[in-house]
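[1] A predicted structure for the sequence below; I have some questions about it.
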Amino acid sequence: MLIGLAIRDVVLADCLDLAFGAGLTVLTGETGAGKSIILDAMGLALGARGEAGLVRRGAAQASAAAVFAPAADHPVWDLLDEKGLAFDRGEDLVLRRLLGADGRSRAFVNDQATGVGTLREVGELLVQVHGQHETVGLLDARTHRPLLDAFGALEGETRACTAAWSAWRAAEDRLAVLANDGARVASERAEIADRLTELDRLAPRAGEEAALAEERAVLGAAERAIADIDAARDAVAGDALSARLGQAFRALGRARERALAGGVTAEAAAPRLLTAAADAVDRALIEAAEAAAAIDAAAEAFTFEPCRLEEAEGRLFALRAAARKLGVEVEALPDARLSLAERLSAIDGADDVLQAARAATAAAKAAYAAAATALSSARRSAAERLSASVQAELAPLRLGKARFRVAVEPLAEARQGPGGADRVEFEIATLAGASFSPLGSIASGGELARLALAIEASLSGAVQPLMIFDEVDQGVGGAVADAVGQRLARLAAGAQVLVVTHSPQVAARADAHWRVSKLGAGAAERTAVETLGETAREEEIARMLSGETITEAARAAARALMAA
């Protein structure tokens, strides 16, 4: 819903702040008063082409800001998110445009600088414009399918079709992955089999690396200790040491005997010391024998198997080499072995998996085809109802010779998508016997605007929340103008409608009536907008009926129109 429009220095509108309400708002006034300026300013704010001629003479720039209050689920919020613009769904949405006297312009969404193209995209989601020179919305065939779906209340069918499409795409993606995997399965299988064979041979166990490292440390220490013990045994035992001690003992004995034979008494110092030395050597022989026995006992305490250290080291090195090859820790080898076995099993069963994926893809495609067919059938039924409804609206709007239809045609499979398998387009034939053509083939702006009104009136709840009609009643009067007014009022019951009109029949049905006038002269000339109360409305409608001189008959006719 549009709630406000601020205009600064747009042609004759120097400063206008307009507040909009729900329902039907009409703008009336003399030709040239500036009604189109308000629409130009609105278009500027919505991203329409801006020309330097829109800038008020003497002003540096023109500006227009439109304030909207979209519902929290309005698609415009998704577009802002896609564009990377900040917003709060609970706050107003402000579109602003600045246009310099040099023709350069800047665009803003919620005071965030953006491109004019983005502003236009946002505006197209918020407003539909139907006028003498421009119709935005219905001429774009891309909007026709969503409008038909909304008219036919096909939300369930479209949701089912979208879900079936997504499931089909997902199945095809999985099939593609499996098919691509098949190209490298042979070489991968050989590599996995080799690695699995190596791991099966190693048969790694949890915690084995730590146990082997500990055993290796113990065995290494034992080996070095035994080497030291062997060196000690060699030093204190064996023939060399015993022979030398024996020679020393016998030499000392001979020296003592010679001393005694030479006349030295046994009590003399020399024989006694020689005896003590011989006794000491004898004890050394006994202690050497005891030391050798103790060393042998110590050696027997080490239960060292030389081949076991080599085995432990070989096992540890083999485990670590396997872990490096697989890019894992040694502790993870048992899990890697299980994973490789599972992968090998999966590869061996890949054909079955691939066949199952092909079957699943075919089933998903069939499900999508069924959903799309059901949606197409529902669309054709809704298209017939909408065509009939719009056709019934044409004659009262002086389009009785025209024929309208909603064309629902199948799309090639390559162009089908989540929205189904149909191309939907609104078409018109303006002359008897003429072939159907797109809506834009209507040359007359007035006819196109009335056709848009007929379509919008038939679409009812499927229409855009804000619609602008610029002189949709141009060139018609009497019963046709009354029919236009009736349909605008009916349309405004469920939407916000802004109409620029010269028709008293249309103006009489307004919920809000604004009169646009021109004040001042020369350089001071400007456009003013006045909100009319009931009395002023009656007078304005009477003026529209009778012209410059307002008669009592015209006032009575105005009251009758307002009361209708």
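    That came through fine.
[2] so which strand or helix has L178?
    helix 155-183 (DSSP states H and E).
[3] if we go by neighbour counts, what in that helix is buried?
    157-158, 160-162, 164-165, 167-168, 171, 175, 178 (16 or more other CB atoms under 10 Å). To be clear about C-beta, it is placed using only N, CA and C from the backbone, and glycine gets the same treatment.
[4] ok, now stretch 18-26?
    The neighbour-count check on stretch 18-26 (16+ other CB under 10 Å) flags 18, 20, 22-26 as buried.
[5] redo those as CSV? Include pLDDT and secondary structure.
    Output for the buried residues of stretch 18-26, formatted as CSV (pLDDT from 0 to 100; DSSP: H, G, I helix; E, B strand; the rest coil):
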residue, pLDDT, secondary structure
L18, 93, strand
F20, 91, coil
A22, 89, coil
G23, 91, strand
L24, 92, strand
T25, 94, strand
V26, 93, strand
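[6] burial count for L326?
    When counting by other CB atoms under 10 Å, one arrives at 17 neighbours for L326.
[7] give me the helices and strands touching the helix or strand that contains L80, please.
    Secondary structure assigned from DSSP H and E places L80 in helix 75-82. Counting contacts by 3 or more CB pairs under 8 Å, 6 or more residues apart in numbering; DSSP states H and E, helix 75-82 packs against helix 116-126.
[8] on contacts alone, who are the packing partners of the helix it packs on?
    Counting by 3+ CB pairs under 8 Å, 6+ apart, helix 116-126 packs on helix 75-82, strand 93-100, strand 105-109.
[9] now the angle from that helix to strand 93-100?
    Relative orientation of helix 116-126 and strand 93-100, computed by axes from the mean of the first three to the mean of the last three CA atoms, to 10 degrees: 140 degrees.
[10] send me helix 116-126 as CSV with only the CA atoms.
    What follows is helix 116-126, C-alpha atoms only, in CSV (Å, rounded to 0.1, in the frame of the first residue of the first chain):
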residue,chain,number,x,y,z
VAL,A,116,17.8,3.0,-11.2
GLY,A,117,17.3,-0.5,-12.6
THR,A,118,16.9,-1.9,-9.1
LEU,A,119,14.5,0.9,-8.2
ARG,A,120,12.5,-0.1,-11.3
GLU,A,121,12.4,-3.7,-10.3
VAL,A,122,11.2,-2.9,-6.8
GLY,A,123,8.6,-0.5,-8.3
GLU,A,124,7.2,-3.1,-10.6
LEU,A,125,6.5,-5.4,-7.7
LEU,A,126,4.6,-2.6,-5.8
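[11] buried ones in that helix?
    For helix 116-126, by 16+ other CB under 10 Å, it's 116, 118-126.
[12] tabulate those residues (JSON lines), appending pLDDT and distance to A284.
    Below are the buried residues of helix 116-126 laid out as JSON lines (pLDDT from 0 to 100; distance: CB to CB, whole Å):
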{"residue": "V116", "pLDDT": "93", "distance to A284": "114"}
{"residue": "T118", "pLDDT": "93", "distance to A284": "108"}
{"residue": "L119", "pLDDT": "94", "distance to A284": "113"}
{"residue": "R120", "pLDDT": "91", "distance to A284": "115"}
{"residue": "E121", "pLDDT": "91", "distance to A284": "111"}
{"residue": "V122", "pLDDT": "92", "distance to A284": "112"}
{"residue": "G123", "pLDDT": "91", "distance to A284": "117"}
{"residue": "E124", "pLDDT": "86", "distance to A284": "116"}
{"residue": "L125", "pLDDT": "87", "distance to A284": "113"}
{"residue": "L126", "pLDDT": "89", "distance to A284": "116"}
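[13] so can I have TSV of these showing distance to T551?
    Formatted as TSV, the buried residues of helix 116-126 follow (distance: CB to CB, whole Å):
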residue	distance to T551
V116	49
T118	52
L119	47
R120	47
E121	50
V122	48
G123	43
E124	45
L125	47
L126	42
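[14] nearest to V506, of those residues?
    The nearest member of these to V506, counting by CB to CB, is L126 at 23.3 Å.
[15] list the contacts for that closest one?
    By CB atoms under 8 Å, 6 or more residues apart in numbering, the contact set of L126 is 2, 46, 68, 70, 76, 93, 95, 464-466.
[16] swap in A378?
    Contacts of A378 by CB under 8 Å, 6+ apart are 152, 154, 157.
[17] let me have these in JSON lines, extended by distance to L375 and pLDDT.
    Formatted as JSON lines, the contacts of A378 follow (distance: CB to CB, whole Å; pLDDT from 0 to 100):
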{"residue": "G152", "distance to L375": "10", "pLDDT": "92"}
{"residue": "L154", "distance to L375": "7", "pLDDT": "94"}
{"residue": "E157", "distance to L375": "4", "pLDDT": "96"}
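[18] do you know which of the helices and strands packed on helix 116-126 lies nearest A248?
    helix 75-82 (106.3 Å).
[19] can you list contacts of that closest one?
    For helix 75-82, the surrounding residues in contact (CB under 8 Å, 6+ apart) are 70, 87, 89, 93, 109, 121-122, 125-126.
[20] which one among these gets closest to A364?
    Using CB to CB, these come closest to A364 at L125, 32.4 Å.
[21] hang on, the earlier thing: CSV for the helices and strands packed on helix 116-126, including mean neighbour count?
    Output for these, formatted as CSV (neighbours: other CB atoms under 10 Å):
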stretch, mean neighbour count
helix 75-82, 15
strand 93-100, 21
strand 105-109, 20
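[22] quick one: closest of the ones you listed to H144.
    helix 75-82 (16.4 Å).
[23] distance of A554 relative to E539?
    9 Å (CB to CB, to the nearest Å).
[24] the more surrounded of those two?
    Looking at A554 and E539 with other CB under 10 Å, you find the greater number of neighbours at A554, namely 20 against 16.
[25] and stretch 29-40, how far apart are its ends?
    16 Å (CA to CA, to the nearest Å).
[26] ok now it, how far from the chain's centre?
    Taking CA atoms, centre = their mean, to the nearest Å, one finds the center of stretch 29-40 at 44 Å from the center of the full chain.
[27] can you list the buried residues in that stretch?
    29, 33-40.
[28] okay, those residues in CSV with secondary structure, pLDDT and distance to L532 next?
    Shown next, in CSV, are these (DSSP: H, G, I helix; E, B strand; the rest coil; pLDDT from 0 to 100; distance: CB to CB, whole Å):
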residue, secondary structure, pLDDT, distance to L532
G29, coil, 88, 11
A33, coil, 74, 14
G34, coil, 79, 16
K35, helix, 84, 14
S36, helix, 84, 19
I37, helix, 87, 19
I38, helix, 88, 15
L39, helix, 88, 19
D40, helix, 89, 22
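[29] nice, that's everything, thank you.
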